[in-house]
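Engineer: What shape does this take:
(4 chains)
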Number of protein chains: 2
Amino acid sequence: MDLNERKLRILQAIISDFIYSAEPVGSRTLSKKYDMGISPATIRNEMSDLEEMGFLTHPHTSAGRVPSDKAYRLYVDNLMRKYEIPEDEKKLIADKLTSNVIEMEKTIQHAASLLSELTNLTAFAMTPKPETDRIRYIKLMPVDDATVILMIAAESGKVSNTALKIAVPYNEEGLEIIAKAMTYSYKGKSITEALKLDIIKTFESDLEAMSRLAQNIMPNFLRTLERMLDVNLYMDGLTNIFSFPEYNDIDKAKVFLQMLDKKDYFRDILINRDNGVIITIGGENSDEVIKDCSLITATYHVDGKMVGKIGVIGPKRMKYDEVTSIIEYITENLSNTFKLPGGNEQ
Amino acid sequence: MDLNERKLRILQAIISDFIYSAEPVGSRTLSKKYDMGISPATIRNEMSDLEEMGFLTHPHTSAGRVPSDKAYRLYVDNLMRKYEIPEDEKKLIADKLTSNVIEMEKTIQHAASLLSELTNLTAFAMTPKPETDRIRYIKLMPVDDATVILMIAAESGKVSNTALKIAVPYNEEGLEIIAKAMTYSYKGKSITEALKLDIIKTFESDLEAMSRLAQNIMPNFLRTLERMLDVNLYMDGLTNIFSFPEYNDIDKAKVFLQMLDKKDYFRDILINRDNGVIITIGGENSDEVIKDCSLITATYHVDGKMVGKIGVIGPKRMKYDEVTSIIEYITENLSNTFKLPGGNEQ
DNA sequence: CGTTAGCACTCACCCACAGAGAGTGCTAAC
DNA sequence: GTTAGCACTCTCTGTGGGTGAGTGCTAACG
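Structural biologist: Take a look at the predicted model:
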């Protein structure tokens, strides 16, 4: 049995119909609504074949057909047509993502919010894994008698700072010397390298006079540095899930929301995905809890290197064509925005 | 008709029972379970009185009684006994909130997470309104040919920074001069004052040679400054609502979650609440959407001045005694943690 | 006169059942 | 190969009786 032209047309019609209606689709509906020039009975025969081939399933004997994961996969890989994003949406995206060129975190949050708004799904965005980022310099600035701000700047422009409480007396010159020494030691090192370096010892002896002050600073330095490795995860449109009838079941909604509520868990799922636009449908997801969902992620670039992710999660029955187009468009815009030499902020 | 001893005892029993069971409580159950030495019939008479006085309601003719908002209010104000927090929970709170003395944002997030975990409700925490905070200094630090980091430090230790793209050539000295000039102009001003000041003009003429550079920096400065006024809102335990049977109704759960999803809306509700421990029950809330919920908020202090909020939201039927004790204990710990002269972080 | 037992009444909830509607699978005719 | 027809299946909806928890009233009790 092969997947001939007619079978494909029928399958496509079933998928499209189901994506919009969420109802199992029957042969009569199909023949009437899609005007394919063949009778319901013929369609039934073809459907039966398609079911045997694993593209359709049957919730129960006398219900219509529902596409299987395999069918969605075929649809996404071959049947789906390119969706043209309306000009006004394109404009909206471009506007929102370029207005504030360099505020990376804010821009990424905006991207997630936009994505959720345009697709009516739950969207998320993750800041880049900053593994390749390098330290540019370290500053120590006094606030008052007991408080000093430690600031670490990376080449990408990312900055991390902490206010420290210092238990010993100090003056501005002392801080400056330490900061310079630290910058000298760490400059150009990647963050992960820097975390491994054990230069505290040598450092302390080099600056005998300051050693007590330095002792106060170093542990905090490492912690602040560690925080630069943090990957932030933003979510938007969590409650969009309620607009899908398949989530009218309270238990399903609960499981879905609880899964997203455990941010660490979800972050891990995202981190482990490949780069580029990746669509995983239902059971293709390795994680049991999202086997009823489809997950679409795409990667954007910062300065051509560091890679962050953005995407949506929702029911398997989603408008794959529309959603992938929008995600692609948004990641393009993000990558452009974050291209360092570009961006002509006034 | 007055609220005699016996009526109070019955009311208290009804409230306690309903808080635990979520079921309307009837006269027979009450007389059996609480062993009050009077018959169901007598209890019925008293209940009828209590209903007339507005403390109880009737979902339908033949159901048990349910406490009204007025009853909860009476309970909270007079009947409720002090709840003793178990030592292990106290220890947990103290540990989690003092480990990392100065990272305010992180500590506040931890507080919300703890609160949600201990109460099994949806918890939130808001960073302080920084209105009274004052600018300490402004720094400009070069990253590369086109990027400069603008950093504004406030007296509280709060820091805001942005990476700027600069369209004109510059050198480190130029940046330093501008930063010094800016610091001179803004130092000691509150953030809101600073935002109102229109010193760009004078500033530009003062530094004729640098004016183009300054022009690049000032708009960003104002934006970065504005961001210092941002109040961050953290939430935790969003899906705890599902553990309450009254939210098994999908529509109720939906309304609840959608309300919290609109963070700006919820933040406004919180900002407008008074300081101290405030309990608002059901209809006492001015906002229609939360008239089925109770909201408990408390304020913590930073450096004795700036005031942030933390609290929980959940069904009217909540363990007010337990929850208020825990919130109070957490705010005490937070305030201690944020007391500037204290905290002996190594 | 407050308290209690008894009793009729009221609902919500559960369950079983019938009928409608949508859809299938099979068969036989075109 | 395609189609019409038909019996069959299964979900969904609405209905009606039974059950149980609870009330409100009345009359009796101490």
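Engineer: Can you show me the strands along the stretch 51-200 of chain A?
Structural biologist: A:56-57, A:66-67, A:122-126, A:135-142, A:147-154, A:159-165 (DSSP state E, counting those that start in this stretch).
Engineer: Just give me the residue right at the centre of chain A.
Structural biologist: The centre of chain A sits closest to residue A:310, judged by Cα atoms, centre = their mean, with a distance of 2.8 Å.
Engineer: So, low pLDDT: which residues of the stretch 51-200 of chain A?
Structural biologist: A:99-103, A:165, A:167, A:198-200 (pLDDT under 70).
Engineer: try it again with 80
Structural biologist: A:98-105, A:129-132, A:143-147, A:149, A:155-170, A:195-200 (pLDDT under 80).
Engineer: Mind telling me which residue of it is nearest DNA strand D?
Structural biologist: residue A:62 (2.6 Å; Cβ to the nearest atom of the strand). No exception for glycine: its C-beta is placed from N, CA and C like everyone else's.
Engineer: Could you pull up the residues touching that residue?
Structural biologist: Neighbour list for residue A:62: empty [criterion: Cβ atoms under 8 Å, 6 or more residues apart in numbering or on different chains].
Engineer: How about the backbone phi and psi for it?
Structural biologist: phi -110, psi 30 (degrees, to the nearest 10).
Engineer: Near DNA strand D, which residues of chain A are found?
Structural biologist: Contact residues (Cβ under 7 Å from any atom of the strand) of chain A with DNA strand D: A:37, A:38, A:39, A:41, A:42, A:45, A:59, A:60, A:61, A:62, A:63.
Engineer: which SS state does the first one fall under?
Structural biologist: Counting by DSSP: H, G, I helix; E, B strand; the rest coil, the backbone at residue A:37 sits in coil.
Engineer: Same question for the fifth one.
Structural biologist: Three states are possible here, and by three-state DSSP the one that applies to residue A:42 is helix.
Engineer: Quick check: it vs DNA strand C, distance?
Structural biologist: Separation of residue A:42 from DNA strand C (Cβ to the nearest atom of the strand, to the nearest Å) stands at 9 Å.
Engineer: Retrieve the pLDDT associated with that residue.
Structural biologist: At residue A:42, the predicted lDDT confidence score is 94.
Engineer: and the helix or strand containing residue A:264 with strand A:122-126, angle?
Structural biologist: Residue A:264 is part of helix A:263-271, with elements assigned from DSSP states H and E. Relative orientation of helix A:263-271 versus strand A:122-126 (axes from the mean of the first three to the mean of the last three Cα atoms, to 10 degrees): 80 degrees.
Engineer: on contacts alone, who are the packing partners of helix A:263-271?
Structural biologist: strand A:122-126, strand A:233-236, helix A:250-261, strand A:306-315 (3 or more Cβ pairs under 8 Å, 6 or more residues apart in numbering or on different chains; DSSP states H and E).
Engineer: Walk me through which strands the second one pairs with, and which way each runs.
Structural biologist: The sheet places strand A:233-236 alongside strand A:122-126 (antiparallel), with pairing taken from DSSP bridges.
Engineer: tell me the angle of the partner strand relative to helix A:250-261?
Structural biologist: Relative orientation of strand A:122-126 versus helix A:250-261 (the same axes, to 10 degrees): 10 degrees.
Engineer: Go ahead and name everything in contact with strand A:122-126.
Structural biologist: Residues contacting strand A:122-126 (Cβ under 8 Å, 6+ apart): A:108-109, A:111-116, A:231-238, A:240-241, A:260, A:266-267, A:270-271, A:308-314.
Engineer: now with 6 Å?
Structural biologist: Applying Cβ atoms under 6 Å, 6 or more residues apart in numbering or on different chains, the contact partners of strand A:122-126 are A:108, A:111-112, A:115-116, A:231, A:233-238, A:240, A:270, A:308-310, A:312-313.
Engineer: quick one on the thing from earlier: out of the helices and strands packed on helix A:263-271, which one sits most buried?
Structural biologist: Sort these by mean neighbour count, taking mean count of other Cβ atoms under 10 Å in any protein chain shown, and strand A:122-126 sits at the top with a mean of 27.
Engineer: Nearest to DNA strand C, out of the helices and strands packed on helix A:263-271?
Structural biologist: Per Cβ to the nearest atom of the strand, nearest to DNA strand C of the helices and strands packed on helix A:263-271: helix A:250-261, 14.8 Å.
Engineer: is chain B contacted by that closest one?
Structural biologist: Yes: using Cβ under 6 Å from any Cβ of the partner chain, helix A:250-261 reaches chain B at A:250, A:254, A:257, A:258, A:261.
Engineer: coming back round to it: any chance of the helices and strands packed on helix A:263-271 in a markdown table with distance to residue A:87 as columns?
Structural biologist: Below are these laid out as a markdown table (distance: least, Cβ to Cβ, whole Å):
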| stretch | distance to residue A:87 |
| --- | --- |
| strand A:122-126 | 22 |
| strand A:233-236 | 23 |
| helix A:250-261 | 32 |
| strand A:306-315 | 22 |
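Engineer: circling back: how about the contacts made by the residue nearest to the centre of chain A?
Structural biologist: A:111, A:125, A:298.
Engineer: Among those, find me the one that's closest to residue B:32.
Structural biologist: Minimum distance to residue B:32 across the contacts of residue A:310 is 56.3 Å, recorded for residue A:125 (Cβ to Cβ).
Engineer: Got the domain ranges for chain A?
Structural biologist: A:5-79, A:87-129+A:231-337, A:131-228 (automatic domain parsing).
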